[in-house]
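>>> This is a predicted model, with the sequence first.
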Amino acid sequence: MISKDFRLDFEALLSQIVDGQGFLHYGYWKDGTADEISLRSIGKAQQAYFDELASSIPEGTRSILDVGSGTGSNALRLLQRHYSVDCVCPSPRLNEIARKKLPPGTRIFECAFEELATDNVYDLLLFSESFHYLDAGKALRQIAARARKQVLIFDYFPRTDSATARAVSHRQFVRLLSDSFSGAFKIVSDRDVTDFITPTFKVLDAIKNDQVRPFVIRSVAEFRKEHRVYSLLLSYPLRRLLAGFGRSSNRYATFPETFEYRLIVLART
């Protein structure tokens with residue numbers, strides 16, 4: 001099983017190599033279709049995702065806390081739009097990348113959001129594909145303490161209810177908000193944008209199935225044939241490699257069956 005930290009580091013590296021942007025979020029396809037199968041098209045769609053996110057920031061916002069700031073790519077572009085931005089991210093490796101990218105003096109809290117200890121409050125708390133990692137109840141209590149005006153959540157939710165406090169369904173999130181935080185927040189807007197996100201997986205599936213998968217299968221077969229002794233010594237990692245990259249992918253179909261992607265704006269009551 002690939003760890004979350006390794007996956008995020010790899011995705012950050014890939015995004016930096018492909019287009020220099022370092023985005024860790026999925027792409028946003030304005031017409032709901034992917035007209036080009038390439039990593040370049042993913043980079044363009046990731047930029048469109050940021051543009052959609054930025055256009056959803058309520059008027060009057062000046063200060064933002066970017067929760068789950070990753071490589072700092074969103075924060076950098078928000079700073080370029082003249083917002084005041086602080087970041088919070090628990091990953092030392094991603095924060096190292098962010099510090100090289102962001103202007104000197106940009107504050108990065110290196111901790112889990114639920115454990116953030118500060119008296120600072122912000123006009124807007126921003127969650128770009130980070131809320132699903134959090135304990136929903138603890139996160140909302142922290143949000144209530146840190147958000148002066150609004151909250152923007154651009155993230156996916158499982159379609160089935162969670163048995164834990166993490167990765168809650170959209171239904172559970174709305175219920176929790178209504179039951180325990182109705183005195184603090186109201187939902188200003190709540191859009192289902194799943195259809196604009198899923199073309200990301202059409203592109204990634206095609207790249208993996210048509211290019212990466214045949215290459216890995218062929219390379220492992222040739223290695224086993226030409227290096228029989230080493231292939232015995234490396235039998236386990238080779239099997240893991242085939243298990244990860246040698247199987248076909250169909251996330252374009254399974255993602256919308258399993259998740260719904262929402263763009264939610266909350267405001268203080």
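Okay, I see it.

>>> how about the strands in the stretch 151-269 of the chain?
In the stretch 151-269 of the chain, the segments counted as strands under DSSP state E, counting those that start in this stretch are 185-192, 259-268.

>>> any chance of those in TSV, plus mean pLDDT?
Shown next, in TSV, are the strands of the stretch 151-269 of the chain (pLDDT from 0 to 100):
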stretch	mean pLDDT
strand 185-192	96
strand 259-268	97
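
>>> can you put those in CSV and add mean neighbour count and distance to T160?
Bear in mind the C-beta positions are built from the backbone N, C-alpha and C, glycine included. Written out in CSV, the entries for the strands of the stretch 151-269 of the chain read as follows (neighbours: other CB atoms under 10 Å; distance: least, CB to CB, whole Å):
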stretch, mean neighbour count, distance to T160
strand 185-192, 14, 16
strand 259-268, 19, 10
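
>>> Identify whichever of these lies nearest to H25.
Evaluated over the strands of the stretch 151-269 of the chain, closeness to H25 peaks at strand 259-268, with 10.4 Å, by CB to CB.

>>> ok, residues contacting the closest one?
With CB atoms under 8 Å, 6 or more residues apart in numbering as the contact definition, strand 259-268 has outside contacts at 26, 52-53, 56, 58, 147-159, 170, 177, 184-194, 196-197.

>>> circling back to that earlier point, among the strands of the stretch 151-269 of the chain, which comes closest to E96?
Comparison of the strands of the stretch 151-269 of the chain against E96 by CB to CB identifies strand 259-268 as nearest, at 29.1 Å.

>>> so that closest one versus strand 185-192, what angle?
Interaxial angle of strand 259-268 relative to strand 185-192 (axes from the mean of the first three to the mean of the last three CA atoms, to 10 degrees): 150 degrees.

>>> Excluding its own residues, what touches stretch 84-99? List them.
The list of residues contacting stretch 84-99 from outside it, by CB under 8 Å, 6+ apart, reads 5, 8-9, 12, 16, 22, 62-72, 75, 78-79, 102, 106-113, 116, 120, 122.

>>> at 7 Å what do you get?
Stretch 84-99 has contacts (CB atoms under 7 Å, 6 or more residues apart in numbering) with 5, 8-9, 12, 22, 62-72, 75, 78-79, 106-113, 116, 120.

>>> Got a PyMOL select line for the buried ones in those?
In PyMOL, this line selects whichever of these come out buried by 16 or more other CB atoms under 10 Å:
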select buried, resi 8+9+12+22+64+65+66+67+68+69+70+71+72+75+78+79+106+108+109+112+113+116
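
>>> Out of the contacts of stretch 84-99, which sit inside strands?
Among these, DSSP state E puts S63, I64, L65, D66, V67, I108, F109 in strands.

>>> now those in TSV, with distance to K225?
Supplementary listing: the ones in strands among the contacts of stretch 84-99 in TSV, determined by distance: CB to CB, whole Å:
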residue	distance to K225
S63	61
I64	55
L65	55
D66	50
V67	50
I108	49
F109	52
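
>>> Adding distance to H227 and pLDDT, write those out as JSON lines.
Formatted as JSON lines, the entries for these read as follows, by distance: CB to CB, whole Å; pLDDT from 0 to 100:
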{"residue": "S63", "distance to H227": "58", "pLDDT": "98"}
{"residue": "I64", "distance to H227": "53", "pLDDT": "98"}
{"residue": "L65", "distance to H227": "52", "pLDDT": "98"}
{"residue": "D66", "distance to H227": "47", "pLDDT": "98"}
{"residue": "V67", "distance to H227": "47", "pLDDT": "98"}
{"residue": "I108", "distance to H227": "45", "pLDDT": "97"}
{"residue": "F109", "distance to H227": "48", "pLDDT": "97"}
